[in-house]
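In: Attaching a predicted model along with its sequence, questions to come.
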Amino acid sequence: MPTLYVVGTPIGNLQDLSERAKATLGSVNVILCEDTRVTGKLLSHFDIHVPTLSYHHHSGIAKTDKIIALLEGGQNVALVTDAGTPGISDPGGRLIEELIMHFGESLTITPIPGPCALVAALSIAGVPADEFVFLGFPPHKRGRQSFFERIHLTHSTVVFYESTHRILKTLGELAIRIPERKLIVCRELTKMFETIYRGTAQEVTAKLESSSIKGEFVIVVSPL
Ligand code: SAM
């Protein structure tokens, strides 16, 4: 039985692709990716010429069946996402669940660990990370209030993701819900404009408003 490799890829800086990830991507028969154009750029940068197949949040059972057929046909498969670790606020978890249901323990599923934005943020946050709660993205509408209420009620470190379009709105809600708690807001980790903002939600908002505010963000909320 072949192997499914779950491969972490860079969250910005291409030098963060590990030697093992490179070798794995170069050796499999097929690479499952969220967006074939995004992964295509990564592969061509490393001169890797392996066929890709899209697998994303909206992929249905027909795609899973196709992946099962590839594995049953003896093909080794790698799973990547646009950036970071598959399954972390990204596609992957459901596919692995379905493959385990189909193959049981006869399929080898191997992690090729790599970058992950939440882990990178925690590594420089300077807050306890022996225990933390990761909440993914705040919901846009339904469940948004309870998302912030949950942060308010959580005494340990909290980490979540936010996009460039909603960062100020989210900081505004944090300023109301948890005005005293210190935040570590990490922008564009590993990229040219990497910036770490530390302070209360109000202080970070002031710093962000005086900059260009573009980029991807990880927000770490310090524990009580
Ligand atoms: N699977 C990815 C991982 O392992 O980190 C996360 C994918 S999630 C769809 C994308 C979100 O992760 C972004 O909106 C942002 O909140 C965060 N993110 C990804 N790359 C980042 C970076 N270089 N700097 C800051 N945040 C980042």
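Out: Thanks, I have it. Computed from a prediction, not measured in an experiment: that's the story for all the values here.
In: Neighbours of the closest residue in space to residue 59 that isn't next to it in sequence, how many?
Out: Leaving aside its sequence neighbours, residue 59 sits nearest to residue 91 (CB to CB, 6 or more residues apart in numbering; 7.2 Å). The C-beta positions use only the backbone N, C-alpha and C, and glycine is treated the same way. Using other CB atoms under 10 Å, the number of residues around residue 91 comes to 20.
In: go on, the one 5 residues further on?
Out: Burial of residue 96, expressed as a neighbour count using other CB under 10 Å, amounts to 16.
In: and it, what is it in contact with?
Out: By CB atoms under 8 Å, 6 or more residues apart in numbering, the contact set of residue 96 is 4, 6, 87, 109.
In: quick one, phi psi at the one residue sitting closest to the centre of the chain?
Out: Centroid-nearest residue in the chain: residue 88, 4.5 Å away (criterion: CA atoms, centre = their mean). Here is the backbone geometry of residue 88 (degrees, to the nearest 10): phi -100, psi 100.
In: distance of it from the ligand?
Out: Counting by CB to the nearest ligand atom, to the nearest Å, the separation of residue 88 from the ligand is 4 Å.
In: again, but for residue 131
Out: From residue 131 across to the ligand, the span is 20 Å (CB to the nearest ligand atom).
In: Quick check: chain neighbours aside, which residue is closest to that residue?
Out: Using CB to CB, 6+ apart, the closest residue to residue 131 is residue 156 (4.9 Å).
In: burial of the residue of the chain found nearest the ligand, as a residue count?
Out: For the chain, the residue closest to the ligand is residue 84, as judged by CB to the nearest ligand atom, at 2.4 Å. By other CB under 10 Å, the residues close to residue 84 number 24.
In: Would you mind confirming that residue 11 makes contact with residue 121?
Out: No. Residue 11 is beyond contact range of residue 121, at 10.1 Å (criterion: CB atoms under 8 Å).
In: can you list residues touching both of these two?
Out: Counting by CB under 8 Å, 6+ apart, the residues touching both residue 11 and residue 121 are residue 189.
In: Check what pLDDT the residue nearest to the centre of the chain gets.
Out: What the model reports for residue 88 is a pLDDT of 97.
In: Hmm, it is touching residue 118, no?
Out: Yes. Residue 88 lies in contact with residue 118 (CB under 8 Å); the separation is 6.8 Å.
In: Pull the contacting residues for residue 220.
Out: By CB under 8 Å, 6+ apart, the contact list for residue 220 reads 121, 122, 125, 127, 157, 158, 159, 183, 184, 185, 186.
In: Which of the residues you listed sits closest to residue 200?
Out: Taking CB to CB as the measure, residue 200 lies nearest residue 183 of those, at 6.8 Å.
In: residues in contact with that closest one?
Out: Going by CB under 8 Å, 6+ apart, the list of residues near residue 183 reads 171, 174, 197, 198, 199, 200, 201, 204, 219, 220, 221, 222.
In: In a helix, the fourth one, correct?
Out: Put plainly, it is residue 198. No. Applying DSSP: H, G, I helix; E, B strand; the rest coil, one finds residue 198 to be strand, outside a helix.
In: Run a quick neighbour tally on the nearest residue to residue 127 once chain neighbours are set aside.
Out: Closest residue to residue 127 apart from its sequence neighbours, by CB to CB, 6+ apart: residue 222 at 4.6 Å. Neighbours of residue 222 under the rule other CB under 10 Å: 17.
In: Residue 222 reaches residue 184, doesn't it?
Out: Yes. Under the criterion of CB under 8 Å, residue 222 makes contact with residue 184 at 7.2 Å.
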